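Chemist: for reference, the sequence and a predicted model appear below.
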Amino acid sequence: MKRLIQIVLISAIIIPSCGGGGNSGLKDVDPKVDSLLRIMTLDEKIGQMVLFTSDWDVTGPTIKEGYLDDIRSGRCGNIFNAYTTDYIREIQRVAVEESRLGIPLLFGYDVVHGHKTIFPVPLAESCSWDLDLMRRTASASAAEAAASGLNWTFAPMVDISVDPRWGRVCEGAGEDPFLASLIADARVKGFQGDDLSDPLTVLACVKHFAGYAASEGGRDYNSTWIPEIQLRETYLPPFQAAIDAGSLSIMCAFNDLNGVPASANKHLNVDILRHEWHFDGVLVSDWASLQNMNNQGNSANLKEATQLSVEAHMDMDMESQGYPRHLKELVEEGSVSEQLIDDCVRNILRMKFRLGLFDNPYCYNENPEYFTPEALAAAQKAAEESAVLLKNNGILPIANRQSPITILVCGPMANAPHEQNGTWCFDKDDAMTITPMMAFRELANEGKIRLIEQKGEHWSREFNKENVATLARLAKQADVVLYFAGE
């Protein structure tokens with residue numbers, strides 16, 4: 001009887017006429033959010049501000065010990081790195097049917113340049129200059145991710161990369177703020193579509209706010225020192241473009257900016273993001289970035305880092321354990337106001353309503369479609385358009401001849417299906433990769449060329465005189481040598 005009363009109460013308050021997802025205006029969503037906030041305990045509010053990671057084992061996805069109890073008790077409102085519809089459905093069932101208020105979980109994942117169908121890394125795809133194509137590839141990625149039960153992607157990365165030593169340049173659009181802003185707009189619209197409640201869309205999360213790629217010496221997590229005019233002219237425009245395109249979530253950077261960590265930077269997160277840009281979405285930390293603030297020397301312990309971050313209006317804590325461990329204590333001792341907690345939770349609940357999760361928390365395709373003809377066509381088009389010719393001394397295009405031309409295909413990337421997919425693709429299927437060697441074998445089978453193969457997978461790791469001697473011998477037998485290099 002107690003459970004029945006709870007269900008009727010919540011249904012009466014939050015379920016009717018949600019619909020519309022991303023098309024729902026604030027007039028439709030905010031009253032529902034306020035109604036829900038009024039009946040939430042402090043523990044349940046803080047739970048909405050917690051983002052915990054799932055886990056993986058040899059047998060598939062698993063949940064960390066204790067996290068299901070946190071979901072059941074309302075102390076965790078969001079999960080990332082969960083995958084497969086059956087697994088996600090079961091975790092969502094616990095949240096919706098076994099917690100007191102039945103608030104659905106948000107499921108996040110890194111879908112950076114494809115989920116199952118893999119597209120060129122973002123830096124390569126930016127070389128196509130084809131904004132419509134980039135919107136299509138983001139849309140195809142979203143459809144596959146949503147079919148797997150996901151509703152939130154930690155992409156696009158819109159950091160402006162000016163130092164090639166920084167190892168994450170491949171995730172962004174390069175060094176030009178204007179082009180990066182156009183691409184940010186295209187990718188957000190591709191991921192989110194016209195209606196966030198559409199089961200083929202996912203919520204975008206623009207990262208990393210801000211100046212992450214300007215780390216000293218190109219060393220990840222390092223400090224950044226950016227004058228205000230350079231911050232606004234170079235590093236911020238793509239973020240503003242993404243917000244203008246409708247992105248409802250942003251991820252903080254790991255770095256400190258001019259001595260203040262991004263996760264606790266009031267100038268970035270309050271003055272600019274909230275007040276100047278009027279952003280009413282969710283600001284989430286990067287992985288355990290609150291703990292990193294201690295290493296940066298801005299906080300003595302996790303409790304202090306937690307206070308600094310929530311005071312900077314960072315809504316959600318990703319796996320740092322700061323919010324679940326210390327926020328309630330900070331409120332009870334008067335260091336943090338519960339009104340500030342309400343403001344953060346309001347942003348999170350608003351996002352869940354816009355996603356349509358209260359209407360349909362189990363919005364998963366029972367028979368997900370991957371590698372559709374449309375997705376594969378977009379992947380091929382993106383690969384073709386992303387190629388960049390740096391220099392041509394007249395060899396290209398290879399002239400047609402009456403007799404088949406002999407081509408030597410070699411190099412460490414000639415037949416490396418795993419490496420060819422690039423970084424940041426966790427659910428790829430290497431069996432779906434068509435390598436250059438495979439493509440030229442097909443031409444050889446059709447009698448269009450004569451093919452000489454030399455694998456050389458380890459040439460990029462170590463110098464091998466025997467490999468080089470073999471390559472030189474084979475090269476003398478060929479009309480053209482195609483060497484595929486890279487990392």
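Modeler: Perfect, I can see it now.
Chemist: what does the residue positioned nearest the centre of the chain show for phi and psi?
Modeler: Taking Cα atoms, centre = their mean, the centroid of the chain lies closest to residue 154, which sits 2.3 Å from it. Main-chain dihedrals, residue 154, degrees, to the nearest 10: phi -90, psi 70.
Chemist: report the buried residues of the helix or strand hosting residue 180.
Modeler: According to DSSP states H and E, residue 180 maps onto helix 177-192. Across helix 177-192, burial judged by 16 or more other Cβ atoms under 10 Å covers 177, 179-192. Where C-beta positions appear, they are placed from N, C-alpha and C, glycine not excepted.
Chemist: residue 435 touches residue 412, doesn't it?
Modeler: No - here residue 435 lies out of contact with residue 412, judged by Cβ atoms under 8 Å, at a distance of 11.5 Å.
Chemist: on that earlier part again, what residues are up against the residue nearest to the centre of the chain?
Modeler: Contact analysis of residue 154 by Cβ atoms under 8 Å, 6 or more residues apart in numbering lists 80, 108-112, 205, 207, 251.
Chemist: swap in 6 Å and give it another go.
Modeler: Shown in contact with residue 154 (Cβ atoms under 6 Å, 6 or more residues apart in numbering): 110, 205.
Chemist: same thing with residue 72?
Modeler: 94, 98-99.
Chemist: what about the residue nearest to it when sequence neighbours are not counted, how many neighbours?
Modeler: Closest residue to residue 72 apart from its sequence neighbours, by Cβ to Cβ, 6 or more residues apart in numbering: residue 98 at 4.9 Å. For residue 98, the count of nearby residues is 13 (other Cβ atoms under 10 Å).
Chemist: distance check, residue 98 against residue 151.
Modeler: Applying Cβ to Cβ, to the nearest Å, the value for residue 98 to residue 151 is 20 Å.
Chemist: using the three-state scheme, assign the residue sitting furthest away from the middle of the chain.
Modeler: What lies farthest from the middle of the chain is residue 402; by Cα atoms, centre = their mean that is 49.6 Å. Reducing the assignment at residue 402 to three states with DSSP: H, G, I helix; E, B strand; the rest coil gives coil.
Chemist: per-residue pLDDT, it?
Modeler: At residue 402, the pLDDT value in this model is 70.
Chemist: residue 85 now?
Modeler: On pLDDT, residue 85 comes in at 87.
Chemist: so it sits against residue 147, correct?
Modeler: No - with contacts counted by Cβ atoms under 6 Å, residue 85 stays clear of residue 147, the gap being 7.7 Å.
Chemist: confidence score at residue 203?
Modeler: Residue 203 carries a pLDDT value of 97.
Chemist: now it. Nearest residue, chain neighbours left out?
Modeler: residue 152 (4.5 Å).
Chemist: any idea how far that neighbour is from residue 60?
Modeler: Distance of residue 152 to residue 60, computed by Cβ to Cβ: 21 Å.
Chemist: please identify which of these two sits among more neighbours.
Modeler: Between residue 152 and residue 60, counting by other Cβ under 10 Å, residue 152 is the more crowded of the two (26 against 10).
Chemist: beta-bridge partners for the more buried one, please?
Modeler: Counting by DSSP bridges, residue 152 forms beta bridges with residue 108, residue 203.
Chemist: pretty sure residue 428 contacts residue 116?
Modeler: No - contact between residue 428 and residue 116 fails when scored by Cβ under 6 Å: they sit 7.0 Å apart.
Chemist: ok, residue 85 and residue 147, which is more surrounded?
Modeler: A count of neighbours by other Cβ under 10 Å puts residue 147 above the other of residue 85 and residue 147, at 20 against 17.
Chemist: next one: that one from residue 362, what distance?
Modeler: 13 Å.
Chemist: residue 333 now?
Modeler: 40 Å.
Chemist: still on that earlier bit, how about the buried residues of helix 177-192, which pair is most distant?
Modeler: Pairwise distances across these (Cβ to Cβ) peak at 22.0 Å, for the pair 177 and 192.
Chemist: distance from stretch 473-481 to the middle of the chain?
Modeler: 43 Å (Cα atoms, centre = their mean, to the nearest Å).
Chemist: buried stuff in it?
Modeler: For stretch 473-481, the neighbour count (16+ other Cβ under 10 Å) marks 474, 478, 481 as buried.
Chemist: ranges for the helices of the stretch 1-150 of the chain?
Modeler: 2-14, 26-38, 42-48, 67-72, 85-93, 122-126, 131-147 (DSSP state H, counting those that start in this stretch).
Chemist: sorry, slip of the keys, the one I care about is the stretch 201-350 of the chain.
Modeler: Ranges of helices in the stretch 201-350 of the chain, per DSSP H, counting those that start in this stretch, are 228-230, 237-244, 266, 289-295, 302-311, 322-332, 338-354.
Chemist: so which of those comes closest to residue 276?
Modeler: helix 237-244 (8.9 Å).
Chemist: list the helices and strands that closest one packs on?
Modeler: If you count contacts as 3 or more Cβ pairs under 6 Å, 6 or more residues apart in numbering; DSSP states H and E, helix 237-244 packs onto helix 177-192, strand 206-209.
Chemist: can I get that helix in CSV, CA atoms only?
Modeler: Output of helix 237-244 as CSV, limited to C-alpha atoms (Å, rounded to 0.1, in the frame of the first residue of the first chain):
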residue,chain,number,x,y,z
PRO,A,237,33.7,31.0,-29.4
PRO,A,238,33.1,27.3,-30.1
PHE,A,239,31.5,26.8,-26.7
GLN,A,240,29.1,29.7,-27.2
ALA,A,241,28.3,28.4,-30.7
ALA,A,242,27.4,25.0,-29.2
ILE,A,243,25.1,26.6,-26.6
ASP,A,244,23.5,28.7,-29.3
